[in-house]
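# Sequence and computational prediction follow.
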Amino acid sequence: MCKKKLKNLKDKMREVTNKLPKTKSGQPAFEKGANVVRWPFYEPMLFMKDQFLGREMQGSFHTSTQDESLQEDSVLPTPVDSDDDTSAESPFPSAEKPKLTQPKPGRMTKKASLEEQFLSVEREKLANLKKVVAAEECKEPADEWGPFCSSLACDLRKLKDPYLVMQVRGDINRIVNDAVLKQLQRNAPRPATSPHRMPFRQDQFVGTYNASSQEITQQEDEVTYQLLD
């Protein structure tokens with residue numbers, strides 16, 4: 001189809017060239033044709049003007065009909081169905097089809113090994129992150145004792161005498177233990193009084209004690225009389 005169109009354009013251009021005014025040397029005056037010819041493809045076809053000169057006017061540019069056909073092929077690439085014909089006839093490099101190459105087994109194994117190592121590292125990072133999150137969730141909420149003990153520790157670190165350090169530790173432990181013991185005593189439940197138990201009376205104990213003393217005195221007197229007899 002393209003060859004046919006190009007042939008029609010060349011035939012029309014050759015016909016127009018024959019109608020152009022001649023120069024002193026007898027060649028067509030292509031420069032004056034722009035004002036004379038009304039064919040719209042005249043100027044675009046001027047790059048092939050050497051092909052439209054007559055045989056007697058060409059001189060050293062004389063070519064045969066076969067040469068013209070070869071020049072046509074060299075000017076514009078001829079589209080063909082076969083890729084081999086296009087690469088042989090066309091002077092322009094044609095777009096080569098991408099060749100599918102199968103990767104080597106060793107390369108695939110190396111790539112798979114690298115991917116597995118990367119996934120292993122990512123799994124380890126994820127596991128460590130889960131542990132950190134779980135530890136943060138289990139951590140007890142901070143209270144006022146944390147900052148107080150931290151500030152107290154800053155002062156205690158200034159102590160360099162081992163004996164003084166042990167004394168301070170002992171005093172702190174004693175104060176804390178006494179405070180905890182007092183709190184336990186305050187919060188300890190008191191024993192309830194049984195309704196069937198009689199209340200304690202001190203006069204009963206005193207009377208019983210006095211009676212026992214009299215009996216002991218009488219027994220001592222009897223023993224004394226027996227020894228005298």
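Cool, got the structure.
# what about the helices in this structure?
Secondary structure of the chain, counting by DSSP state H: helices at 2-19, 33-36, 55-58, 65-75, 83-89, 105-138, 145-156, 162-187, 202-228.
# how close does residue 122 sit to residue 2?
58 Å (CB to CB, to the nearest Å). Every C-beta, even on glycine, is put in place using the N, C-alpha and C of the backbone.
# Please read the previous query as pertaining to residue 119.
56 Å.
# Verify the stated contact: residue 13 with residue 44.
No: with contact defined as CB atoms under 8 Å, residue 13 does not reach residue 44; the gap is 9.6 Å.
# Those two: which has the busier surroundings?
residue 13 (21 against 10; other CB atoms under 10 Å).
# Which pLDDT value belongs to the spatially closest residue to the more buried one that is not a sequence neighbour?
In this structure, residue 13 finds its nearest non-sequential neighbour in residue 45, 4.6 Å apart by CB to CB, 6 or more residues apart in numbering. Note for residue 45: predicted pLDDT of 70.
# Residue 88 now?
pLDDT, read off for residue 88, is 44.
# now do residue 124
90.
# so how many other residues sit close to it?
Residue 124 has 10 neighbours, counted by other CB under 10 Å.
# gap between it and residue 131?
In terms of CB to CB, residue 124 sits 11 Å off from residue 131.
# One more: residue 46?
82 Å.
# for residue 17, same thing?
Residue 17 is 90 Å from residue 131, by CB to CB.
# More neighbours: which of these two?
Set side by side, residue 17 and residue 131 show more neighbours around residue 17, with 20 against 10, by other CB under 10 Å.
# how near is that one to residue 160?
Taken as CB to CB, the span from residue 17 to residue 160 is 115 Å.
# Format the CA atom coordinates belonging to stretch 110-126 as PDB.
C-alpha atoms of stretch 110-126 as PDB (Å, rounded to 0.1, in the frame of the first residue of the first chain):
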ATOM      1  CA  LYS A 110      20.300 -17.800  45.400                       C
ATOM      2  CA  LYS A 111      17.500 -15.300  45.000                       C
ATOM      3  CA  ALA A 112      15.100 -17.500  46.900                       C
ATOM      4  CA  SER A 113      17.700 -17.900  49.700                       C
ATOM      5  CA  LEU A 114      18.100 -14.100  50.000                       C
ATOM      6  CA  GLU A 115      14.300 -13.600  50.100                       C
ATOM      7  CA  GLU A 116      14.000 -16.300  52.800                       C
ATOM      8  CA  GLN A 117      16.700 -14.600  54.900                       C
ATOM      9  CA  PHE A 118      15.000 -11.200  54.500                       C
ATOM     10  CA  LEU A 119      11.700 -12.700  55.600                       C
ATOM     11  CA  SER A 120      13.400 -14.400  58.600                       C
ATOM     12  CA  VAL A 121      14.800 -11.100  59.800                       C
ATOM     13  CA  GLU A 122      11.400  -9.400  59.400                       C
ATOM     14  CA  ARG A 123       9.700 -12.100  61.400                       C
ATOM     15  CA  GLU A 124      12.300 -11.700  64.200                       C
ATOM     16  CA  LYS A 125      11.700  -8.000  64.300                       C
ATOM     17  CA  LEU A 126       8.000  -8.500  64.500                       C
END
